[in-house]
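1. sequence first, predicted model second:
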Amino acid sequence: MRTSLLQLRVDPDEPVDSRRARAGSLVREQQAADLVVLPELWPVGAFDFRRFADEAEPVPDGPTARAMAEAARDAGVWLHAGSVVERAADGALFNTSLVFSPDGELARTYRKIHRFGFDRGEATLLSAGDEPVTVPHPAATLGLATCYDLRFPELFRQLVDLGASVLVVPAGWPAKRAAHWTLFARARAVENQCYVLACGTAGSHAGVPQAGRSLIVDPWGEVVADTIGADEAVVTAEIDPAEVTRVRESFPVLKDRVLEDGVPGR
């Protein structure tokens, strides 16, 4: 399973339409990939809170969804298009991830459950999702999470219980906590015996420098591929979803889980 993480640069001076076109071009260059991943809130910038309402768009009919559907179809790839600020029919705003199939159909959406900000920013401006989401990719079941979700291991346990073997985490993670980003990505891989595809942004969001450091982690917690810097980059690696089964059988730690009702785990 060939995976490509597009560590897209977010420049506040670049028009959004230009960034959509540039993202689409990068996706079209990944025709050999089985899964392409973009970062969180790349159309607006994860920390550019003042623009959230103005840049909010409907799903699936907004400009980003249309552009990414076309790019996925042109490239013939499964595309996790990162996330957008979604304006729901009732006017509520969500941080919503979009996953497209190779024919350009919107296969799944995921509304971010854990909102960052501690009663400021995203935490006050956006509504919270309430449902873990998986995607039946032909090669593996994908579990979806977004940025700050990475700090909450219970969500990832739910995704594993739903069958996920590849966890996909787009983010707009700040540079000053870059060490946490790589630590949590590896921890989620080890504790769940899954691959983790963690895609960050380059550039700066409303004056907040981004960590970049996109990485692909295997079920043993080893980094398969990454970019050390925070510049725009593409991180590509071949992963083997069957390795998840082999790791879980050879080191069956998940079977020793004790759940709330005292029943052993899987």
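-> That came through fine.

2. what packs against the longest strand along the chain?
-> Ordering each strand of the chain by length in residues (DSSP state E) puts strand 78-87 first. For strand 78-87, the helices and strands in contact under the criterion 3 or more C-beta pairs under 8 Å, 6 or more residues apart in numbering; DSSP states H and E are strand 35-37, helix 52-55, helix 63-75, strand 93-100, strand 106-111, strand 166-170. Glycine gets a C-beta too; all of them are placed from N, C-alpha and C.

3. the fourth one vs strand 78-87, what angle?
-> Note on geometry: by axes from the mean of the first three to the mean of the last three C-alpha atoms, to 10 degrees, strand 93-100 and strand 78-87 are set 160 degrees apart in direction.

4. from the chain's centre, how far out does strand 93-100 sit?
-> Here strand 93-100 is found 10 Å from its chain centre; the criterion is C-alpha atoms, centre = their mean, to the nearest Å.

5. ok, now the second one?
-> A distance of 21 Å separates the C-alpha centroid of helix 52-55 from that of its chain, computed with C-alpha atoms, centre = their mean.

6. and that helix, which residues are buried?
-> 52, 55 (16 or more other C-beta atoms under 10 Å).

7. what lies in contact with it?
-> Helix 52-55 is touched from outside by 16, 43-44, 85, 93, 122, 125-126, with contacts defined as C-beta atoms under 8 Å, 6 or more residues apart in numbering.

8. other SSEs contacting the lengthiest helix in the chain?
-> Among the segments of the chain that qualify as a helix by DSSP state H, the longest is helix 178-192. Other helices and strands packing on helix 178-192, by 3+ C-beta pairs under 8 Å, 6+ apart, are helix 153-161, strand 166-170, strand 195-199, strand 215-217, strand 223-226.

9. please repeat the previous calculation with a cut-off of 7 Å.
-> Helices and strands touching helix 178-192, by 3 or more C-beta pairs under 7 Å, 6 or more residues apart in numbering; DSSP states H and E, are helix 153-161, strand 166-170, strand 195-199, strand 215-217.

10. would you mark the buried spots in it?
-> By 16+ other C-beta under 10 Å, the buried positions in helix 178-192 come out as 178, 181-182, 184-190, 192.

11. and the angle from it to helix 153-161?
-> 40 degrees.

12. wait, which of the helices and strands packed on strand 78-87 is closest to residue 244?
-> strand 166-170 (7.8 Å; C-beta to C-beta).

13. and that closest one, what other elements does it pack with?
-> Packing partners of strand 166-170 (3+ C-beta pairs under 7 Å, 6+ apart): strand 78-87, strand 141-144, helix 178-192, strand 195-199.
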